[in-house]
Structures are given as structure tokens and as C-alpha cells.
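Participant: Sequence and predicted structure, then a few things I'm wondering about:
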Amino acid sequence: MFSLKLLQPLGSVKGMWLMILGIALSLGIFNTPIEASSHREAPLISNDPLADNTDVYAFVSPDDPNTVTIIANYIPAELPQGGPNYYSFGENIRYEIHIDNDASAACEEIIYRFTFSKENEDPTTFFNIRFGENLKTTYTLQRSMDGGASFTTIVEDGIVPPNNIGPRSIESQNTVVGLGADSYEDLMDAAITSTSTGETVFCGPVDDPFFVDLGGIFDLGDAPRQTGNSRDGLGGFNCHTISLQIPISTLQKDGKDVSQAANILDGDFVIGVWASASRPSVRTLNSSGDLIEDSGTWVQVSRLGMPLTNEAVIPIMSKDYWNSLSPCGEDAALYEHFYNPELALYMDDDLFGGAVPAFAPLRIQKNSLGLGLDFTNGADGAFILKGSPALDGTVLAESSFGGLLLPKAGAPRSVDLWPIFYTGAPNARPYQLATGKNGDPLAAGKPFINNFLPSAGDMLRLNMAVPATPRDDDAFSSLGLVQAAVLGLLDPQFANTDIEFIPNMDGFPNGRRLEDDVTRIELQAVSGIVLAAIGLWYDDFDGTNPVTEDLLNVLGYTTGVEANDKPFQESFPYVAAPWRGTEGF
């Protein structure tokens, strides 16, 4: 029998709270301006950039709380000066955004399907824009509300702005030269479209909002770089976005508006979101290289839900296969890479931790609470509690979701890392903050998340009832839900077990905002920060003060790149205008 109760009741002594809060503030944990996904993540899709889904975002619109904004980006690492054939959405590709809003029904209930067409108004020139004419791209948007059984067209001939080539092409008032627009931003605004069913849409080139030191990360985990300067590997590059702003009542399974939510963690307002791209299975060319036709069944070639899944979790041998799957038909064999993630090998000094000095602040619990709870690769983690009466009343019990969350021995991260990607977390024991638990991590604590959609598929899960944190709020942080947990644990204002809004409860992995530093958050998650938040403290915890050196090291970790290369817009579509071909970065 395990005793999980500790000597010092966390949250019971105001003086301890103030001391801990002071330490956190002095280290800048609350105010660190921190800010990353999947670019060229698999061998086959790296050779098909027009169909390469790079990022998915889903968040309650900060300036319109009755709507959710979903952004799916495609075409990685676009050079702004990449003429004469600039990147554009591809023809004969189905770009789709999928929404699951009911775990008891089919895997996806809502699908938005985009297809694009191109017309070259002047094929006699090698310039992309000349004499007020250009290569024009338009789109058709169809919507299915029955899981793909039927589709209705809700936008026809939607406008895609041209690439931001340069001032002579875009703004020149001499119509003999270019388009004569007042600004590129005006072209973006003119392309924002309202659908016949109440959505707002924008499709076009934008600054790539993904930011991280790609060079350092893929140089065997050298982030932050141990020598030289870290740099945003996608700074100055563009991508193409599909942005949708959708009424919450359209997305909610019963057609409810957010004002009808029981509370800000109402489980009936959870959605799962992912995006995909599909191509016809057959392409026919003639001897001169001209395309005769695309034909055959549609084949999915790219998909993305949670950021960095295929890029940094799935091994090379399975990446193309993973791209072909749907969250509605996952392969359980791939769960092993979440139960025992490769990145954890480099956070363990008994394995390869010493070979990756940049990850030195990231270490995983090996003996949490002194009870032998070991979450390093190959260990049993919380599985040692399997069948114990201590789990009664928790979602880890066999009568609840114990079969999913504690599937077997040797799968230590099935209880924290795997559900982040594949089920979300419920507002239930033990997935509540340690605040109010009186030292027992299995007890009821401070509610701070409920995006549980137990369909065992890789999706970006969002609880639409959680209000948006204003972007100009001093408490806003790109640490997302990690920052909400810090405030819920350390700020005396939240030293209770009530459901109440904590700033950044709307941040990743509860959805994903453009500002969220998903690379940092996911590396912290691999290092056990979720376990610590619910009371499974790091090994150097002495039974009194949970803010230990190990915890502070994890919270203070950074990849070295902490901001996007451009500020985001304050209104839809929120992404920044694309870099101009005549600008430098």
C-alpha cells in the first residue's frame, strides 16, 4: 500500500506562498517573454512542399470571444524573393481542416475543404506581376457537418492575395508597372471573406509564425546553442495560411453559444482539431512534361494536429506512414514513442544526458516523493499503482480510463506525455493542480484544465469555454498552460480549489495560440513538468518546499529563441503580413 500524503500541506501556509512567489518573480518566471511545429517533417512530404502542412493553431479569438480561430499553414520555408515562380497553393490538392466535437460519435463531425485554381492573366511575360495583371489564385470552400458524408459550398471564387513581391509590383501607382495597391495590407484586408454560413475566411501568403532555432535543435539538440548565437531558423521566411474564424455555436456539438457553458471548464465545449492535405493517387504526364490529368482516389499525404509530433517524436522509419493515418485510425504501435520518447534519453544522465549539454536543466523524476515513482524511459512510472485502492475515484482507476492511461508496465509516460497528444486532460483527479491537495497528488486539487476528448487520436484539443487571455495583459505568457499552472500553484490569489480563470488557461496545450512557445513547452513536458504540477514533485523535493532547484531549472529552460520575427496582428487573421521579396531579414 502506498502512502502519498506528505508532511507539509501545500498551499496551507500563506508565508510559504509569499516566499515561493518572491523566488519565482526574482527569476522572471512570470514575465519571461517566451515563444515553435512540423516543417519538412517526413521524407516524402519534404519533396511535396505545396501539400506540406506546417502548423495548426486553434484559440478563442481574443477580440471576438464568441468565435474560435483555426489556422492551418502550409508550404514551409518560402523565400520571399523566390521568383519567378513564387510559391502558391497547389491545384489538385484538397486542403482540409477537421473538427471532432463529440467523443461519443464519429471521429470527425465537421470538415472544411479548400481547393484552389490558378489563372495566369499574362503568360507572355516572365514577371509574376506586370501591366496590372498577374497570376491569380482563387479558392472554393466546402463544409461538411456530417463527417464528410455530404458537402455544401459556402465560398466560391475566394480571393488569394498575390505574393508580396516588392513595391513596384504591389504599390506602384503607374498601372503600366504594377497593381497600384495602397499597401500590401490592403490586399490582405480585401481578401478576407464572409461565408454563407457565418464563418470568416482568409487564405494567402503570410509571415511564418513558427519560431525556433531549427539549426540548433536538429544539431543533436543544441538549443540553446552552447557556442555561438541561437537564431530563428524560419525568421524572414513565409508560408501560406488558411485561416477560419468560426462561431462557437457552429463548433459546439449541441449548437450552444459560449454563454451557455456550465462553467469555463465545461467538457461539452471541447473540440479536437487537425489539418490535412490529400492528392489524387495517379498523375499522368506526356513526353514534353505537361500534366495531362490527376486521377484516381484521393490519398492523404500530410496531416498535423499537435505540433512537433511527426517532427520530433515519430522516428524516421515511420514518418511517412504517420502522415498517411487519420486521428480516426491511429496505429497503437506508434504509442510507444510517446510512452518512451526519444528526447527523454537526452534528459537522463544514466543514458545520454551528458551528450546533450543544452538539455542539462531538463531532468525527469526518477523517485518522485521518495516512493519509487520513476518516469524515465523503460521504467514503470505510475503503473506501480495499478490496481491499488489509492486510484479509486480517479481517472486512472480501471473502472474509468485506467486501460488507456495505465496500459502496461514499461510505459512511464502513458500518464502524462501520451494524453497530452492523444486524449487531452480531464478536470478530474489526479489531473488537477497540487494546490489544495495537502500533499497527496491523487487528491482533488485546483482545476485548471479540461480538454479531455478520449478518442485516442493526435489532435489539437481546445476547450472553447475557457476565456482568452488579453494579449496586452501583463500576465499574458507564451508559456501557455505551464504558466497557468505556475500561477495556480504559487499565486496566493488562486490558493483554493475553485474553478476560476487563471491567465493563460487558454494557452498550449489547451489549444494553441500564435504566441505559444510550443517547442519549449513540449520539452518541459518531456522533462516531467506536468507531473510536478499535479504534485509528483522532482527528486530533490524535501517534503516542505516544492520549488526546488530541479523545478526552477525546468521552468527557466529556453531554446534561445523567444519571439516571432514579426508582431502578430490584433484582429483576424492575426498572422503577420508576408515578408517582402525586396526586404532583408
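Facilitator: Thanks, I have the structure now. Residues are numbered from 1 along each chain as shown.
Participant: what's the distance between the spatially closest residue to residue 413 that is not a sequence neighbour and residue 410?
Facilitator: If the residues on either side of it in the chain are set aside, residue 413 comes closest to residue 339, at 5.4 Å by Cβ to Cβ, 6 or more residues apart in numbering. To be clear about C-beta, it is placed using only N, CA and C from the backbone, and glycine gets the same treatment. According to Cβ to Cβ, to the nearest Å, residue 339 and residue 410 sit 8 Å apart.
Participant: Please apply the same query to residue 192.
Facilitator: 51 Å.
Participant: on that earlier part again, between residue 339 and residue 410, which has more neighbouring residues?
Facilitator: Set residue 339 next to residue 410 and count neighbours by other Cβ atoms under 10 Å: residue 339 wins out with 19 against 15.
Participant: Quick one, grab the pLDDT at the more buried one.
Facilitator: If you check residue 339, the pLDDT there is 97.
Participant: I'd say it and residue 416 touch.
Facilitator: No - applying Cβ atoms under 8 Å as the test, residue 339 and residue 416 come out as separate, 10.5 Å apart.
Participant: that older thread, could I get the contacting residues of the residue nearest to residue 413?
Facilitator: Residue 339 makes contact with 410, 411, 412, 413, 414, 417, 418, according to Cβ atoms under 8 Å, 6 or more residues apart in numbering.
Participant: Could you do residue 128 as well?
Facilitator: Residues in contact with residue 128 (Cβ under 8 Å, 6+ apart) are 83, 84, 86, 134, 135, 162, 163, 165, 169.
Participant: What is the neighbour count of the closest residue to residue 480 other than its chain neighbours?
Facilitator: Of all residues not flanking residue 480 in the chain, residue 507 sits nearest, at 2.6 Å (Cβ to Cβ, 6+ apart). Neighbourhood size, residue 507 [other Cβ under 10 Å]: 28.
Participant: I'd guessed residue 507 sits against residue 473; true?
Facilitator: No - using Cβ under 8 Å, residue 507 is not in contact with residue 473; the gap is 12.0 Å.
Participant: what secondary structure does the residue nearest to residue 480 sit in?
Facilitator: coil (DSSP: H, G, I helix; E, B strand; the rest coil).
Participant: before we move on, what about residue 268?
Facilitator: Residue 268 ends up helix, using three-state DSSP.
Participant: how many neighbours does it have?
Facilitator: Residue 268 has 16 nearby residues by other Cβ under 10 Å.
Participant: same check, this time on the one 4 residues further on
Facilitator: A count of nearby residues for residue 272, using other Cβ under 10 Å, gives 28.
Participant: Leaving out sequence neighbours, find the closest residue to it.
Facilitator: Closest to residue 272 by Cβ to Cβ, 6+ apart is residue 459, at 3.4 Å.
Participant: surely that neighbour meets residue 423?
Facilitator: No - counting by Cβ under 8 Å, residue 459 stays clear of residue 423, with 9.4 Å between them.
Participant: where do the contact lists of these two overlap?
Facilitator: Jointly contacting residue 459 and residue 423 under the rule Cβ under 8 Å, 6+ apart are residue 453.
Participant: Please identify which of the two sits among more neighbours.
Facilitator: Set residue 459 next to residue 423 and count neighbours by other Cβ under 10 Å: residue 459 wins out with 29 against 23.
Participant: Spit out the contact partners of the more buried one.
Facilitator: By Cβ under 8 Å, 6+ apart, the residues touching residue 459 are 100, 272, 273, 274, 305, 306, 327, 453.
Participant: Can you name the two of those residues that sit furthest apart?
Facilitator: By the measure Cβ to Cβ, 100 and 306 form the most distant pair in the contacts of residue 459, at 13.4 Å.
Participant: And residue 269, how far from residue 107?
Facilitator: 18 Å.
Participant: Just want to know which of these two has more residues nearby.
Facilitator: The residue with more neighbours, out of residue 269 and residue 107, is residue 269; 27 against 19, by other Cβ under 10 Å.
Participant: and that one, what does it touch?
Facilitator: 248, 252, 256, 258, 261, 463, 464, 465.
Participant: mind giving me the domain ranges of the protein?
Facilitator: Following automatic domain parsing, one gets these domains for the chain: 14-34+337-556, 45-209+237-324.
Participant: just these: most buried one?
Facilitator: domain 14-34+337-556 (a mean of 21; mean count of other Cβ atoms under 10 Å).
Participant: ok now that domain, how far from the chain's centre?
Facilitator: Its chain's C-alpha centre and that of domain 14-34+337-556 lie 16 Å apart, by Cα atoms, centre = their mean, to the nearest Å.
Participant: hang on, residue 88 packs against residue 134?
Facilitator: No - contact criterion Cβ under 8 Å: residue 88 and residue 134 do not qualify, at 11.0 Å.
Participant: Which neighbours do those two have in common?
Facilitator: If you check residue 88 and residue 134 against Cβ under 8 Å, 6+ apart, no residue is contacted by both.
Participant: Go ahead and confirm residue 384 touches residue 375.
Facilitator: No - counting by Cβ under 8 Å, residue 384 does not reach residue 375; the two are 11.0 Å apart.
Participant: For the nearest residue to residue 145 once chain neighbours are set aside, give me its contacts.
Facilitator: Distances taken as Cβ to Cβ, 6+ apart place residue 110 nearest to residue 145, at 5.8 Å, with adjacent residues excluded. For residue 110, the contact set (Cβ under 8 Å, 6+ apart) comprises 98, 99, 101, 143, 144, 145, 250, 251.
Participant: Narrow those residues to those in strands?
Facilitator: Among the contacts of residue 110, the residues falling in strands (DSSP state E) are 98, 99, 143, 144.
Participant: for the stretch 151-300 of the chain, which spans come out with low pLDDT?
Facilitator: 174-176, 289, 291-292 (pLDDT under 70).
Participant: next one: the chain
Facilitator: 1-38, 42-43, 174-176, 289, 291-292, 584-585.
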